[in-house]
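**Student:** Everything below, folded, please.
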Amino acid sequence: MKQTRAIALAILTGLTLVTSGCAVMRGQETVGNYVDDKTITTAVKAKLIEDKTTGGLSINVDTLNGEVALSGFAKSQLEKDQAGRIAAATKGVRAVRNNLVVRP
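**Tutor:** Just a heads-up that it's a prediction; the model follows:
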């Protein structure tokens, strides 16, 4: 279980670094905030994947200045609510916008 989480976190961290754009260059954030946001995104995504009640792979996580936006699809209202709770409980998260769409 811990090994799976560590592997998932390593993969997500690598993907985050590879796919990250130039938000700092565009003046949207400071370098410190940008790194913090990427760390929060990775932590939330890892927790969603680890949780057996949420479809972590079908939920997109974006963070800007500590505000997490969840998007994608949930199989039930229960899954949507659980994803929001997981995101809100993650260290560094200031607010959560749960934009998940419930689709059976």
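**Student:** In contact with G55, which residues?
**Tutor:** Neighbour list for G55: L48, F73, A74, K75, E79 [criterion: C-beta atoms under 8 Å, 6 or more residues apart in numbering]. In this view, the C-beta of every residue, glycine as well, is placed from N, C-alpha and C.
**Student:** next one: K80
**Tutor:** Applying C-beta under 8 Å, 6+ apart, the residues near K80 are A74, N98, L100, V102.
**Student:** go again using 6 Å as the cut-off
**Tutor:** A74, L100, V102 (C-beta atoms under 6 Å, 6 or more residues apart in numbering).
**Student:** Helix or strand for S71, just tell me which one.
**Tutor:** strand 67-74 (DSSP states H and E).
**Student:** Go through that strand and flag the buried ones.
**Tutor:** V68, A69, L70, G72, A74 (16 or more other C-beta atoms under 10 Å).
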